[in-house]
Structure formats: structure tokens, C-alpha cells
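Q: Only the shape, not the letters, is given here:
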């Protein structure tokens, strides 16, 4: 069995709103990513996938708070560490993050190299500038970025170049896990391709050991990741290998969501997603039973009574529905 | 638009600002209907009468009925108002200086103090080390307290028309009272009078009205100019844009007040009515509107619906009216409100400089400020002559700013916390 | 450095053009008005003045100097020639002083009062605004309404308030003038002390007004920047919060500098009126007495000087801004 790089056990985090209400946007999530593998997280906007990305960093600031559970990176438990220790010895070195809007992820008034200096000095204040420059230059060359970029301000870079620069900066300290939150959604098709190619190359070149890739663009997930996890209302509703998740989904929500992957036109994506009628439940007062019950075509009376656990069905596969695999598959075969 | 309005009224800030402004507007409109005195009529002989109720002394003396009220504290109050604590200590000081042993004087015992004073005070006596002003002060105290303890009434006398001799017509006893509502001549001056002896409140409310009119006229002119130039620059672009941007930048750096001063002064005082001043302010204060309208239009210019309209062959005016204006309407309204309040401030600044509207029948807030400054109300501590004006100006600008902030939050959701 | 030079030359050119236009406006505006303003004023003044022959003399001198009876174009060249020689004519109200000498003695009072006040107000306002954005909570809830109210207040209103409270009421500071009326301007300790004491109220009233507006602007800029994506990203890259706050405030401050450049004209105008309240011996008070004395040459020259002051201040800020914001150099270089 391969080495597990990232393991998350029962992680729960919450937002505290202005009105002091708790919103559990990540609710008892467990997952494992092995060395050399990538995990995709899918779901509608607001399902908690971006919050999961933030929560995995182990570094919380208002309005997001840690509640319970464990995050283990390469055998080291990072949940429960002091925030400043997390900042110094985990962020950037163990786990790194590429934000949703990488366009604006870089401080506009700082040259790229100065920002890299800030990042490296934040972890080791004794490093000298020459060393940092050489390191940055070497990294950029390996990743196929022109070293002149280092001397530029973010405004001087094109959108795609900015995004690739952010990726290069994120992995400058060779983190074990990289979390990419919709890294290509704001780019044109050509830049998108280059970004995806670069992300895929990161593991081959040894910059990172594992990756978590978050997107609502399902075709992308299928192409990029090994496993897929579907989230709904803060919970995992299905976990499976990419191929199975896409072509043989079990959970009715996954089924609805995956329907869109068959449709090649990107423009129809939104239409398809909206095709699951209804809206996600209000997480301030989550329903007692299955959280998808209100929108589910196959809903039964008992669905709304008690919470549904995640049933493991072997091969690392799991889904959160009271109906048996067989029942669901038959329903899908006839019901569509 | 209707929806936006309803949205605006959900914003607490907008509602507060609007209510404040509406209240002022109602007062400005309703007050002159009830109180019809001309705002600039000089009623007082003398400057800066303090706020209060003015009762005609003549009418009080000749009141149709007088009432007798036996009030225990009447005498004490009467003495207290004439003989203040500082007067008592001053009197004691004089008596000590005149050689009375300090132990024998009790400033709190009114009767004894007055007796000692009457026995010893001599206005001609020179006390060593006392300034002339100080001895004049004692003379004044002496006059004011003479007969203070007397319980006799005052005698009214009339002059006999043929001989000119005085004849007793009646007495006014210390226990005589009149009912104010029975006195024919009572004038309430809630804010006193100004340096020219005019009723400040009536003047102020009229001034607020005129200033609002000035603000409105200037605001309309400035907004129209700014809107037109902004639309032209933003939509037409090219050379037109360059020229307008050039002019706008020019007028941004040249202080608006300086232009105002130059134009107002050059106009000459005969031509400076409130409307002229408003027009001049409007002509010089359009810069910010033009700038922001242009920026908004540029961001709208290439939107899909505008392109669609262009492809459909609509004329430029048609596109501007139907596809651009509705989108910047909220913005223009905000700019308009801002223009009104800055025009009111501009009028005030001009008037303080002595370049305000030249009118003889209506005041403005700025002119009232100008008069108060010239007659040094602020140094003489006549607060009623300038403070209400300042508060009114602040209330107008504050209420308008609240409305703008509220609208801004409604129309730019990013600004909400 | 190439980028900066381009920026500098661009701004310098702009400054020169604005200057020429301001100069033109100053010449043309009064002359566009119907009639000859000088003659009208002199005529009116002469009616009430015992020394009407004196006024007539000044008027004649003025007509000769500026050729007010000649065609407009000729007048303009005369005006330019005189201006180049620093000759702007005599003051009507303070004859035989020239307007240059009247304005020259007032301008330093204004410069020394206004620019420190605007800069101090700007700095304090930005610090308070940044703090309000960073701390939020009670500090923000108290500071903001006060700042909004203060910034809505005209400068002369604030001046009167301070004057009445600290000058007339508490008697801590003198109420008018730039120095004790029994003193003659000189560099003696006594005079300097008197000037400093007289400086306080006008200075702080301008500072307070500037603080209000700046604090509001800085607060919203800071809140905007604090929510910017780079803040989150920098945090997740392990950069210390203190460093990030440094980024945020630097970036929030930059638009505030351009804002100051744009607002300086308005601020100078407001400050002139505040001077009048304190009878401060600066340009505002000069302007008032010129209006009262219908001293046309003095008004014309004073407005020109004030415009130049505002233009210069604007220019200096823009130049400094080019130094501080790296993006200027970067974008100009291409």
C-alpha cells in the first residue's frame, strides 16, 4: 500500500455569522490521499467544497473556526497545533493553496521576487536573498516560466502567466500537498490548458506529493484526478475512483451532477446543474434526515427521519444513501 | 426604478437621511404659512437680543386685569436677580477696603449687608488702589440695589396735558401679576435677534429655504452639464473624450472656490441675486459629476445590451436614453444630491467672503453667517446668531450624505459590510 | 528609472498646460463681464470717498499699466509683460502698496498654516481609518459617525466651534490674528511664541476637517483591501499577519494619495474661509478685505496666487505618488 500523504478524520469546521449563528460548512469529513495521487472535489457552489479547501490548511481565521477532527500530513498531526506553529512549519512547506481568483492573489505593489522573499523569510528568517533568488529562478525554470517574471509586478503579467506564477510561488517550498481551488475557472481556454498541464507536471517533477483539485467543471476532474469526492451541504455524499464516480454514480445527487459530463458544450453546464430542482438546505438549521431529501427524485418517508451515514461498499468506494446499490442502479436504468 | 426606490427605503441610513431632510423641508414650507412676518424686518432697536419671550412692559402695566398672587419666594427671587453672589462679595470687598472689620460683614445676610452698604457707601470716596472702572462698577451696583428691600409698590404717574404736572394714576404693587395671554403684545423670539435687530428664527427658516433653492438650481445645472459632458466623453469617445477629459482635469485642479470668487466679483454686486449665484455655482461645480458619469458610461459602453442596440441600428440619442441612462440613473441621483449639498456650502463660503447674493428681501444661510461674522457674534458669545445657522448647514449636508451613503449601499452591494 | 522620467515629464507638461489655462482664465473672466469692472468699481467707490482724486489717480495708473481702454489682445500682452516683471499693479484699498507686496506678506501665513494642517490631517485621518478598518467593533462604531459628521461640516463651521470653545469660552488661545496685536513680525522668541499660540486654533480646525474625510476614505479602502484575495493567499503562504497588514495599508494608502491630489483645490478653498473666522493674516483674510474694499487688482492677483498654490501642491503630490507606487513606473515603461 502506498504511503498516505494526507489523511483527514472527521473534520468539522464552522462559520460564525454576524448574528452569532453557527454554520457547519464542513461536517465530519474524512478522506485520504496517497502519494502520487490526486483527489477531485465536486459539487454545486455553496456545497462547502471551497470551505473544505480552507479547512484542510489547518490555519483558521474568522469567520471560519475549527471544531473537531484531525488533519494528518505525512504522519504529522497538524490540527490542534498552535496557529503560529502552523503558519511557520505547515503552511507552504507541508500544504499549499492556490486560491479561486488567482488573478488577484498577488499583492499588486510587490514584485514577484519580493513576495517570494517574504514567503521564504516567514519560514526561515536567516535565509539570504541571493539564495532565495537562485532557488526561485531554478523553480521557475523547471516549471517552464521565464525568470524575468521574478522582477515584474503582477500588473505586468497576463492572466494565464499570473496564474502560473501563483502556482510556482505556491510550490516554491516543495509542499507535500497542494490544494487547488478552481485554479483555471477565470482563464481562457489556451491558458486553462497550460495551467492544467503545469498542475499535472508538478507531481512528476517532485514539487508536490499529492494534490486536491476543486472545481465545478466535471470534465476537468475526470481528466485530471484519480479519485473524486462529491460534496453536498457540507457532507461527503459519494467517494469513488474518477471513472466510477463519473460513469457509475450511486448517490442521486452525484447522478444528477454527473449528467452534465456527458454534454460536451460548456455553455450547457449551468442549465444541467439547475436541472436538479430546488436549492441546497440552509446550513444554519440542517434537516434531521438526509440533506438531499428535499430535492431527491427517489425520496422515501424514512429518508427525512434520521441522518444517513456514509456506507462503504469496498474498493474505497462510499456513498450516503439508505437505498441499496442495486436499487439505485435499477432506478437510474429505468427512471431516466 | 420603482424597485430601486423600494430598495432604497429599506436602507436605514437612507431613511434617516430622508426623514431628516423631509422634516426640514416641511418646516421651511409650513413655517412661513403660519408665521407671516417678513424675514428681514428690523424689529429690535439694538443688536443681539437674547432668545426668549418679550412682553410689552407698557401693556403689562396697563393690563385690563391684574391679579394678586402672594408668593413666599417672590421677594427672595427679586433680590437674587438684582444682587448676585458676585455683587455681594464685591460689596464686602468695598466695605472691608472702606475700613469695616471683616468679621462684622456677612455677605449672606441680605438685610444687614444692605444696611451696612447704605450707611457706609459713598460714591465720591476714593478707595486706595481701586481702578476707575471698578469704582464705576460699584456705582452701578449701588443704583441697582437702591430701594431693593422696600415693600412699597411703584407709583405710576401721568402727565397732565395742560400743566405738564405729574399726577398719580395708580400703583403697581409687588404682589401684582398679569396673565401673559391677556397682554396684547407678546413676541416670542426663540432665537433672539441678530445684529440688525431681526428675528433670527424667522430669518433662519427663510434662509434655509433660499439656500435649498440655490442648492437645487445649482445642483440641476451642475448635474445637467456634468451628465451631458460625461455621456458625450464616455460614449462618443475619441477626440470629444480627449477634449472633455482635458477640460475636466483642468477644472479639478483649479480650486472651484477661486473660480466662484472671480466670477461673482466680476459680475458686480448689482447682478448677484440668489439665482445668479446658484447658476454660477452650478457652472463651476459640475466636474465631479462629469468625471464619474464618464467612468460609468465607459464601463457600460461595451455591454451586450448596448452592442445589441447598436447592431439594431438605433441612433446615439436612442441608445443613450434607453440603454445607458437607466443604468447610471441611480448614480446620477447620488451625484445630484451631493451637488445640492456642496452648492449650499459654496454659497455659504462665498457669502462669508462678502460675495454672496445681494438681496434685500430674503436672507441665505451664508449671508446670515456673513452678518454674524462681521458683527463678531462669535467673539461676543451671541451663540444664537451663528450656532443655529451652522447647525442648519450641518443638518442639510449630513442628511444628504446619509441619503447618498444609503443609496450607495443599495446600488453597490460590495460596500455592504 | 526610464518609466519614472516619462511619468514626471508627463505630469510636468500637464502642470504647465494647467498653469497657462489658469492664467488665461484669471485674465479673461473679469474682462468677459459686461462693462469695465475697474471703472465701475472706481466710480462707485468715488461716490462715497472723500479722497476721490486719490482713487482717480490709482485708476489712471491702472489703466495705463494694463491698458484697460485698449483691445483685449493688446491688454493680454501688456498683462503678460507686466506679470513677467512681477508687476500686478497697486492695491486700491491699501494704496500705495502694490498687490504683490500685499499678497507677498500674506502668502507665507497661508502656506505655513494650510499645508502642514492638510498633511497632518491626512496622516492622522489615514491612521484612524486604517485602525477602524482593522480593529472594527466599538472603535469603528464610535469613530465613523463622528468622522462622517465632521467631514460634512464646512471648514469655517469647525473654525467657529473651536474658536468659541477654546478661544472665547476656555480662553486657552487667542481668538484672532496671527500674532499678538502689540507685536511687530520679527524673529524674536516673544513673537514666535505668540505666532505659535495663535497658530493652534486655525491649525487644528483644518486638521479636524481633513481627518474626517480622510478617515472615511481610508477605512473603506482598507476594508476593501483586507478582503482582497492576496490577503488570504499571503496568509496561506505562511506570511505573518503583521507583514500582511503592512501590505494592506500600503495598498489602501496609494489611492488616498491621488485622492488628496484631487481634493487639494477644494481643501485650499475651504481653508481660506476658515482663515477669515480667525482673522488670520493669510490670503483668505486678504481676500475678504479686498472684497470689502472692492480692490479689484488685489482680488485678481490673490486668486491667481491661490490657483498656482493649489496647482503646485497637486503637482508635488503627483510626483511623490509616482515615487511611491511601483505600478506607475512599471506601466509607464512599456
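A: Cool, got the structure. Being a predicted model, the structure only gives us computed values, none of them experimental.
Q: roughly how far apart are residue C:213 and residue B:185?
A: 50 Å (Cβ to Cβ, to the nearest Å). C-beta here means a position set from N, CA and C on the backbone, and glycine is covered the same way.
Q: per-domain residue ranges of chain B.
A: For chain B, automatic domain parsing gives the domain ranges B:2-43+B:195-411, B:84-144.
Q: Now do the longest one, average pLDDT.
A: What that stands for is domain B:2-43+B:195-411. For domain B:2-43+B:195-411, mean pLDDT is 88.
Q: before we move on, what about stretch A:297-311?
A: If you average the pLDDT values across stretch A:297-311, you get 80.
Q: before we move on, what about stretch B:70-88?
A: 80.
Q: Out of the domains of chain B, which is closest to residue A:198?
A: domain B:2-43+B:195-411 (31.7 Å; Cβ to Cβ).
Q: how about that closest one, does it reach chain A?
A: No - if you take Cβ under 8 Å from any Cβ of the partner chain as the test, domain B:2-43+B:195-411 misses chain A, and the best it gets is 14.7 Å.
Q: how far does that domain sit from the chain's center?
A: 19 Å (Cα atoms, centre = their mean, to the nearest Å).
Q: go on, stretch C:194-205?
A: That offset, for stretch C:194-205, works out to 17 Å (Cα atoms, centre = their mean).
Q: Can you mark which positions in it are buried?
A: C:194, C:195, C:198, C:199, C:201, C:202, C:203, C:204, C:205 (16 or more other Cβ atoms under 10 Å in any protein chain shown).
Q: returning to that earlier point: please tabulate the domains of chain B in a markdown table, including the columns mean neighbour count.
A: Shown next, in a markdown table, are the domains of chain B (neighbours: other Cβ atoms under 10 Å in any protein chain shown):
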| stretch | mean neighbour count |
| --- | --- |
| domain B:2-43+B:195-411 | 20 |
| domain B:84-144 | 13 |
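Q: More neighbours: residue C:213 and residue B:185, which one.
A: residue C:213 (23 against 11; other Cβ atoms under 10 Å in any protein chain shown).
Q: Work out for me the element the more buried one sits within.
A: If you go by DSSP states H and E, residue C:213 is part of helix C:189-226.
Q: And the nearest residue to residue C:96 once chain neighbours are set aside, what's its pLDDT?
A: Using Cβ to Cβ, 6 or more residues apart in numbering or on different chains and skipping the chain neighbours, the partner closest in space to residue C:96 is residue C:90 (6.4 Å). Residue C:90 carries a pLDDT value of 77.
Q: how much space between residue C:90 and chain A?
A: 53 Å (Cβ to the nearest Cβ, to the nearest Å).
Q: my guess is residue B:404 contacts residue B:338, does it?
A: Yes - in this structure, residue B:404 is within contact of residue B:338 by Cβ atoms under 8 Å, at 5.9 Å.
Q: follow-up on the earlier one: nearest to residue A:308 among the buried residues of stretch C:194-205?
A: residue C:204 (67.6 Å).
Q: For the residue of the stretch 101-250 of chain B found nearest chain A, list the residues it contacts.
A: Closest residue of the stretch 101-250 of chain B to chain A, Cβ to the nearest Cβ: residue B:245 (22.2 Å). By Cβ atoms under 8 Å, 6 or more residues apart in numbering or on different chains, the residues touching residue B:245 are B:233, B:294.
Q: ok so it is a strand residue?
A: No - judged by DSSP: H, G, I helix; E, B strand; the rest coil, residue B:245 forms no part of a strand; its state is helix.
Q: I'd say residue C:87 and residue C:99 touch.
A: No - in this structure residue C:87 lies outside contact range of residue C:99 using Cβ under 8 Å: 9.4 Å.
Q: Compare these two and say which is more crowded by neighbours.
A: Taking neighbours as other Cβ under 10 Å, residue C:87 and residue C:99 compare with residue C:99 leading, 26 against 15.
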